[in-house]
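Novice: just need the structure, nothing else, for what follows:
(one chain, ligands or ions: 1)
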Amino acid sequence: MKFITVKTYEELSKKAADIIAAQIILKNDCVLGLATGSSPVGTYKNLIKKVENGEISFKNVTSVNLDEYVGLDGSHDQSYRYFMNDNLFDHVDIDKSKTYVPNGCAADLKKEGEAYDELIKSLGGIDLQLLGIGLDGHIGFNEPDDFFTAATHSVTLDPSTIEANSRFFASKDDVPKSAITMGMMSIMQAKRILMVANGKAKLDIIKKAMEGPVDPRVPASILQLHPDVTVICSEN
Ligand code: GLP
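Specialist: Coordinates of the predicted model:
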C-alpha cells in the first residue's frame, strides 16, 4: 500500500488525476471504476482539463460506478448517475452508453446486483478503481457489518452515513435509507485501486483501516489484502 499525504485538496486532485490519466494513456480502452462523494470532484475537474488540453481522451474508456441510492433515478440531482454526468461525463468525450451506474430504481435489486457483477465480468474486470472513504470506513456503500459482502447488493445505510450525506440534501429526511453498491469482490478484483480522502476528518479512519486489523466493521480495511493500492490524503 502506498500512502501519499499532501497539504491541499488541489494537490490531492492533481495527483489523483495524473494517476488516472496515466492509466488511460497506457490503455485507452481501460475500464475505470468510478466514485462519487465530494473527494473525487477535484480529480474529475483535472481530468476534464486534461481532455480539453488534448492530453487524454475518454473515447474508448468504459466506466462502472460503485453505487447508487435506492429510489433515485438519473434525473434526480442527488442520484449518483446525475452526479457523474454533471461532474465528468457531460464534459469529456466518453461514450455515455459505456458508462454504467447501478440502477437504484430496479424492481428487483437482487437481480440488478447479479447483472451488474456479470457486466463487470464481461468487461474483463476493472483496470483502476477510484474510491473515497466514509467516516465509518465504508467504501462504495459497503457499510460496517459482521461480514464482508462479495457481490453487488442492496444495503441499509448507516445512520452516520445518512447524517454525513444529508449535507447534499434539503433535509436529513430526504436522504434515501438504502442503496445498491458494488460488493467487495468487484472492488478487490480491480487491478489497481486509488483512494482519495479529503481533509483531516478522514485521517483517523484511514489509519484504522490501513494499519488496524482486517475487520468488516471497518470495511476499507479489506484493502490491506490488495496488492496495488494508493491512498492520497490531504491534510487540510
Ligand atoms: C458516499 C459514497 C462513497 C464515498 C463517501 C465519502 O457515501 N457512497 O463512495 O466514498 O460518500 O464521500 P466524501 O468524499 O464526500 O466524504
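Novice: how many residues are close by E52?
Specialist: 10 (other C-beta atoms under 10 Å). Backbone N, C-alpha and C define where each C-beta goes, glycine included.
Novice: repeat for P227
Specialist: Neighbours of P227 using other C-beta under 10 Å come to 8.
Novice: need the contact list for the closest residue to P213 other than its chain neighbours.
Specialist: Once flanking residues are discounted, P213 sits nearest to S221: 6.8 Å by C-beta to C-beta, 6 or more residues apart in numbering. Going by C-beta atoms under 8 Å, 6 or more residues apart in numbering, S221 touches G137, K208, A209, M210, G212, P213, V214, D215.
Novice: ChimeraX command for the buried members of the residues you listed?
Specialist: Applying 16 or more other C-beta atoms under 10 Å to the contacts of S221, the buried members can be selected in ChimeraX as follows:
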select :137,208,209,210
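Novice: let's have the contacts of S221 in a markdown table, adding secondary structure.
Specialist: Listed next are those as a markdown table, based on DSSP: H, G, I helix; E, B strand; the rest coil:
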| residue | secondary structure |
| --- | --- |
| G137 | coil |
| K208 | helix |
| A209 | helix |
| M210 | helix |
| G212 | coil |
| P213 | coil |
| V214 | coil |
| D215 | strand |
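Novice: could the contacts of S221 go into TSV alongside pLDDT and distance to the ligand?
Specialist: Formatted as TSV, the contacts of S221 follow (pLDDT from 0 to 100; distance: C-beta to the nearest ligand atom, whole Å):
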residue	pLDDT	distance to the ligand
G137	97	10
K208	97	15
A209	97	12
M210	95	15
G212	97	19
P213	98	21
V214	98	19
D215	98	18
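Novice: residues of the helix or strand of the chain with the lowest mean pLDDT that come out buried?
Specialist: When the helices and strands of the chain are scored by mean pLDDT, DSSP states H and E, helix 159-165 comes last with a mean of 93. Buried positions in helix 159-165, judged by neighbour count with 16+ other C-beta under 10 Å: T161, I162, A164, N165.
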